[in-house]
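J.: sequence and computational prediction follow.
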Amino acid sequence: MAQIFTASADTRLRAFFLIMLLVVLGLAAFAGGLADSSYVTMVGWFRDQPVPFSHQHHVQNLGIDCRYCHTGVETSAQAGLPATHVCMTCHSQIWTGAPLLGLVRQSFASGTPLEWNRVAKVPDYVYFNHSIHVTRGVPCVECHGRIDEMPLTARAQPFQMQWCLSCHRDPAPHLRPPEQVTQMDWSDWERDPQAHKDYGALMVQAYGIEPDKLVQCNTCHR
C-alpha cells in the first residue's frame, strides 16, 4: 500500500501548531498592550475645545478654586461645566475685547451654551458620583492629576475598571481632609507619611466605608 503522508508531514504539522500558538500568544499580548496604551485610555491626550482654556493660568496663577466653575462637584453626581455667565463674571471686566474670547461673548449674548468636549469621562455603562467621593475626601488631583499645571486639559488617568477597583479595594491611602480636596500639591503630606498614617483608616471607619461593598458590581453598574 502506498504511503499517504510524506516523512516530513508530522514535522510540518507540529510546526503549524507551534506557529499558530505563537500567533495567538502574540495577538493576546498585542491586545493587552493596546488596552493599556494611551491610544485606548487617552491618558495624556488633549481634546479640541471651542475656546482654549488653561487650567494652569486660572488655577495655579490666579488661584481660582475648582468649585467656582464646577459648582455641582460637592452636591451632585456631575461636577458640571461652567455656564458662560460664570466666565463672564471676570471677562466682562478683563480681556473684554480679546479675539480668543469671541465665542464666549457670543455665547453670553445669544444665550447659547458653549459645547465643551469632556476630557475626563467614564463609559456610559458606569455610574460615577462626584459628590460622594469629594465629601469623603478624595482630592481632585487623585483622578484629574496636576490639572493646575496643564495649559491645555488632558486626561490624567485611564478610568478603567482595574484602576477604579484598586482604590475601592483599599480607599484609606487616597483620603484627605474633605475641606482641602481642591488642593493640588500634596507633597508635604506625602513627605511625612508617618504623621498621617492613621488618617485614612480612621476616616474609613468614621464614614462607614466598606471596601467589600465597594467592589460589588452594582456599586458602579446600575
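T.: Sure thing, it's come through.
J.: list the helices and strands the strand or helix carrying residue 108 packs on?
T.: Using DSSP states H and E, residue 108 maps to helix 102-110. Using 3 or more Cβ pairs under 8 Å, 6 or more residues apart in numbering; DSSP states H and E, the elements in contact with helix 102-110 are helix 84-91. For glycine as for every other residue, the C-beta is placed from the backbone atoms N, C-alpha and C.
J.: so how far is the helix it packs on from its chain's centroid?
T.: 26 Å (Cα atoms, centre = their mean, to the nearest Å).
J.: that one: which residues count as buried?
T.: Residues of helix 84-91 classed as buried by neighbour count (16 or more other Cβ atoms under 10 Å): 84, 87, 88, 91.
J.: go on, stretch 149-168?
T.: 150, 153, 154, 155, 156, 158, 159, 160, 164, 167, 168.
J.: could you give me the average pLDDT of it?
T.: Mean per-residue pLDDT for stretch 149-168: 94.
J.: ok, and what's touching the helix holding residue 108?
T.: 50, 51, 84, 85, 87, 88, 91, 112, 113, 114 (Cβ atoms under 8 Å, 6 or more residues apart in numbering).
J.: how about a cut-off of 10 Å?
T.: Contacts to helix 102-110, defined as Cβ atoms under 10 Å, 6 or more residues apart in numbering, come from residues 49-51, 53, 83-85, 87-88, 91-92, 95-98, 101, 112-115.
J.: buried subset of those residues?
T.: Among these, the ones that count as buried (16+ other Cβ under 10 Å) are 53, 84, 87, 88, 91, 101, 114.
J.: quick one, what contacts the fourth one?
T.: Contacts of residue 88 were listed using Cβ under 10 Å, 6+ apart, and they are 96, 101, 104, 105, 107, 108, 109.
J.: and the helix or strand of the chain with the lowest mean pLDDT, what does it pack against?
T.: Across the helices and strands of the chain, mean pLDDT, DSSP states H and E gives its lowest value to helix 38-41, namely a mean of 76. In terms of contacts (3 or more Cβ pairs under 10 Å, 6 or more residues apart in numbering; DSSP states H and E), helix 38-41 is packed against helix 9-35.
J.: what about residue 45, neighbour count?
T.: The number of residues packed around residue 45, counting by other Cβ atoms under 10 Å, is 11.
J.: show me the contacts for the spatially closest residue to residue 164 that is not a sequence neighbour.
T.: The spatially closest residue to residue 164, leaving aside those adjacent along the chain, is residue 220, at 6.9 Å (Cβ to Cβ, 6 or more residues apart in numbering). Shown in contact with residue 220 (Cβ under 10 Å, 6+ apart): 122, 123, 125, 126, 127, 128, 129, 161, 164, 165, 168, 214.
J.: quick one: which of these is nearest residue 73?
T.: residue 129 (10.4 Å; Cβ to Cβ).
J.: that closest one is in contact with residue 138, isn't it?
T.: No: the criterion here is Cβ atoms under 10 Å, and residue 129 misses it with residue 138 at 11.0 Å.
J.: these two - which one has more neighbours?
T.: Set residue 129 next to residue 138 and count neighbours by other Cβ under 10 Å: residue 138 wins out with 19 against 12.
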